[in-house]
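In: got a structure for you, letters missing:
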C-alpha cells in the first residue's frame, strides 16, 4: 500500500482555495516491476538526505512562524463567520466569499433549456442552479451567500459553490448548494440566523451602492461587514473617506508617503481601512507620524473626533484613545 492520507489541514503544505480542491489517495500495488521502481526511488531520496542540525531546526522554526502569520494552519480562529472575518480580515480565503442580492433571478430561456436538457441527460445533477451574465464578477473559485429580493423582504437562499468554468455556456455560472463555507485553515462556517438577518438588513444599501443596474448586486464580505458595522447615524462614511485622503495628502507635505494606506482606502473604503488599522498592532506609519510630531494625522486621532465617533464601535474608539494617550496625545472629550 502506497499513499498519503492526512486527517487535517496541519498535515498538508497547502492552504485556502488550493487545499479545498486537494484529494488524498492510496493505491495497492502488486506489480513487481513497479514495486522495484518505487524502492529505487525511495533509496535515491534517502541517499540525497542529510542529518538535521540545530541550525536547520532554527531555520525551519523561523519559516514556520512566518508562514503562520500569512495563513494560520489548523487553528479555528472563531466559531462564527463574521467573527472569523474580523479576527483575520487579510486571509486570502475571503477573496472568494461574496454576497449576491438578486431581484432578477431568472435566466435566459435558451440557457434554462440547456440546463434542463443536461439534467435530463444525466450530465448535470438536479441540484444545479445558475447565475446569468455575472462572469466578470463571479469566478469559478467563489462561494456565494445568496439573497432573493423578489419577495416583500430579502430571503436567504443558502450558500452556493461556483462550479468550474468551461462546462457550460459562457453566459452562465453554474452553482451547487452547500451547507457550510469551507475556508481552509479558518474553518467551515454556516451563516447563522443572526448573520442572515444582518446581511438581509443591508440589502437595500448594498444595491444602492454597488449595483450597476439598480436591481442586483454582488459584494465582497469586506463590503458587507463595512455596511453592517457602520451605524446609520453619527457620521457620513463618504465624508470620512475624504478626511482619510486628506491625511494622506498632508503627510506628503513633510516627505512621508503612506502608499499602502492610500491603496487600502481604494480597496476597502475609508471606514473599513480605519477599522483594520485600529485593530492591528502599532504600524510603522503611526511611528513615523509620532517621530514627526504629527499624530494629529493618525487614523487614531481622526476617529476619536466627535464628528466621526458614530462610525465606530466603543471598542474601536477605546483602542484608538489608549494608543494616543500612551504617547501623551490630547484626546478630545
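Out: That came in fine, so what should we check first? Since the structure is predicted, the reported quantities are computational estimates derived from the model, not experimental observations. Residues are numbered from 1 along each chain as shown.
In: helices along the stretch 1-150 of the chain, start to end?
Out: Assigned by DSSP state H, counting those that start in this stretch, the helices in the stretch 1-150 of the chain fall at 16-20, 32-48, 54-70, 81-87, 109-120.
In: which stretches in the stretch 151-300 of the chain count as strands?
Out: All strands of the stretch 151-300 of the chain, identified by DSSP state E, counting those that start in this stretch, fall at 155-162, 172-178, 181-182, 188-189, 217-220.
In: how's the protein carved up into domains?
Out: 2-70, 81-229, 237-325 (automatic domain parsing).
In: looking at the ones you listed, which has the lowest confidence?
Out: When these are ranked by mean pLDDT, domain 2-70 comes last with a mean of 73.
In: before we move on, the earlier item: right, so of the domains of the chain, which gets closest to residue 331?
Out: Closest to residue 331 of the domains of the chain is domain 237-325 (Cβ to Cβ; 5.2 Å). To be clear about C-beta, it is placed using only N, CA and C from the backbone, and glycine gets the same treatment.
In: now do the end-to-end distance for the closest one.
Out: 26 Å (Cα to Cα, to the nearest Å).
In: ok, stretch 80-93 next?
Out: Stretch 80-93: ends 15 Å apart by Cα to Cα.
In: so how far is residue 223 from the nearest residue to residue 203 once chain neighbours are set aside?
Out: Excluding the flanking residues, the one nearest residue 203 by Cβ to Cβ, 6 or more residues apart in numbering is residue 154, at 4.4 Å. Distance of residue 154 to residue 223, computed by Cβ to Cβ, to the nearest Å: 16 Å.
In: and for the closest residue to residue 224 other than its chain neighbours, the neighbour number?
Out: The shortest distance from residue 224 to any non-neighbouring residue, by Cβ to Cβ, 6+ apart, is to residue 99 (5.1 Å). Residue 99 has 22 neighbours, counted by other Cβ atoms under 10 Å.
In: residue 239: neighbour count?
Out: By other Cβ under 10 Å, 12 other residues sit near residue 239.
In: ditto for residue 142
Out: Using other Cβ under 10 Å, residue 142 has 21 other residues around it.
In: returning to that earlier point: and the residue nearest to residue 224, what does it touch?
Out: Residue 99 makes contact with 144-147, 199, 206, 218-221, 224, according to Cβ atoms under 8 Å, 6 or more residues apart in numbering.
In: which one of those sits closest to residue 268?
Out: Nearest to residue 268 out of the contacts of residue 99 is residue 220 (Cβ to Cβ; 9.1 Å).
In: could you give the bridge partners of the residue nearest to that closest one when sequence neighbours are not counted?
Out: Closest residue in space to residue 220, ignoring its immediate chain neighbours: residue 98 at 6.0 Å, by Cβ to Cβ, 6+ apart. Beta-bridge pairing of residue 98 under DSSP bridges involves residue 144, residue 220.
In: residue 98: what's it in contact with?
Out: Here residue 98 is in contact with 137-138, 142-145, 218-221 (criterion: Cβ under 8 Å, 6+ apart).
In: who's in contact with the residue nearest to residue 203?
Out: The contact partners of residue 154, by Cβ under 8 Å, 6+ apart, come to 101, 147-148, 200, 203.
In: how close does it get to residue 173?
Out: According to Cβ to Cβ, residue 154 and residue 173 sit 21 Å apart.
In: ok, now residue 325?
Out: 51 Å.
In: between those two, which has more neighbouring residues?
Out: More crowded of residue 325 and residue 173, by other Cβ under 10 Å: residue 173, with 23 against 12.
In: quick check: the gap between the more buried one and residue 286.
Out: For residue 173, the distance to residue 286 - Cβ to Cβ - is 42 Å.
In: cool, residue 292 as well?
Out: From residue 292 to residue 286 the distance is 11 Å (Cβ to Cβ).
In: out of the two, which sits in the busier spot?
Out: More crowded of residue 292 and residue 286, by other Cβ under 10 Å: residue 286, with 21 against 13.
In: the more buried one is in contact with residue 300, isn't it?
Out: Yes: if you go by Cβ atoms under 8 Å, residue 286 and residue 300 touch, sitting 7.3 Å apart.
In: where do the contact lists of those two overlap?
Out: Contact criterion Cβ under 8 Å, 6+ apart; residues shared by residue 286 and residue 300: residue 323.
In: gap between stretch 202-215 and the chain center?
Out: For stretch 202-215, the separation from the chain centroid amounts to 20 Å (computed by Cα atoms, centre = their mean, to the nearest Å).
In: please read the previous query as pertaining to stretch 123-143.
Out: The chain centroid and the centroid of stretch 123-143 are separated by 19 Å, computed with Cα atoms, centre = their mean.
In: and the nearest residue to residue 177 once chain neighbours are set aside, what does it touch?
Out: Leaving aside its sequence neighbours, residue 177 sits nearest to residue 158 (Cβ to Cβ, 6+ apart; 5.1 Å). Contact analysis of residue 158 by Cβ under 8 Å, 6+ apart lists 146, 177-178.
In: residue 242: which of those residues is nearest?
Out: Taking Cβ to Cβ as the measure, residue 242 lies nearest residue 146 of the contacts of residue 158, at 33.6 Å.
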